[in-house]
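In: what would the 3D arrangement of this be:
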Amino acid sequence: MEPAATRNQITLRGSLLSLPQLSHENHNKQFFRFLLEVPRLSGVVDILPVIAEGSVLDTLDLSGGGMLTVSGQVRSHNLRENGRRHLSIFVFAAHIRAEDGEIQTAILIPKASYDRCFGHYIKYAMRNAMDIATLGCSVNVRLSADKKTVDRARIAYGVAGPVPLRCACAEAAAQGKPLTEATVETFAHAILDDINPRDSWRASKAFRQHIAVEIAKRCFVKSIELAGGELV
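Out: Residues are numbered from 1 along each chain as shown. Purely as a prediction, here's the structure:
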């Protein structure tokens, strides 16, 4: 048996600071990175990077935040930036457990976050009811005062990763752009830089990517129409 003093083991308990984002792939497995906020007894809070395989996250609902207990190992790897090496230290999670915490009784959304915003949602599934979505997409837009350009766009997917995913690249691609077919195409294809769906018995990765682009277009166009805009 390996002496306890030489084992590489760590257990952390903290709150989720950021949702998991794809870090890398290795041997056809996806690994995701997120930040964990861990308080010390002194009251000082450490923000620690955690990497976990997708299968470790699949059974967890992380969309609501909350407390997590992470067990695994401390690992490191070298990063090269601007001709210099940096040692990156992180926790590789073998097990993650969501814990009971405070009861959330309300969600307050400031008016500035939804004022003049219009959105549309599409659920793609094999049946119209009583079926798990193969992919789900929601787009929300706010147009400029003259309704000629996109003031702000938001897009999120379900079943495109272990947790619901926002598409920052697609949102940036639409920011300030005119209401044209070219903007719609650029916006929709930019989501491929943000999502990374997996192969499963329900649908292949390639099929999910194809559907993701198509429903992004439809949701975006419908949201523009609901906001009073028109493509030119």
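In: tell me the contacts of C117?
Out: Counting by CB atoms under 8 Å, 6 or more residues apart in numbering, C117 makes contact with N140, V141, R142, R152, A227. All C-beta atoms are positioned from the backbone trio N, CA, C, and that covers glycine.
In: ok, it to C219 distance?
Out: The gap separating C117 from C219 is 13 Å, by CB to CB, to the nearest Å.
In: most neighbours out of the contacts of C117, which is it?
Out: Using other CB atoms under 10 Å as the neighbour test, the contacts of C117 are led by V141, with 29 neighbours.
In: residues contacting it?
Out: V141 makes contacts with 117-119, 150-154, 174, 220, 223-224, 227, as judged by CB under 8 Å, 6+ apart.
In: what's opposite it in the beta bridge?
Out: When bridges are called by DSSP bridges, V141 pairs up with F118, A153.
In: quick check, nearest of the contacts of V141 to E185?
Out: F220 (9.9 Å; CB to CB).
In: pretty sure the closest one sits in a helix.
Out: Yes: assessed with DSSP: H, G, I helix; E, B strand; the rest coil, F220 lies in a helix.
In: now it: how far from H120?
Out: Where H120 is concerned, F220 sits at a distance of 8 Å (CB to CB).
In: of the two, who's got more company?
Out: F220 (27 against 19).
In: in which helix or strand would I find the closest residue to that one other than its chain neighbours?
Out: Ranked by CB to CB, 6 or more residues apart in numbering and with sequence neighbours excluded, the top spatial neighbour of F220 is V139, at 5.0 Å. Under the criterion of DSSP states H and E, V139 resides in strand 135-143.
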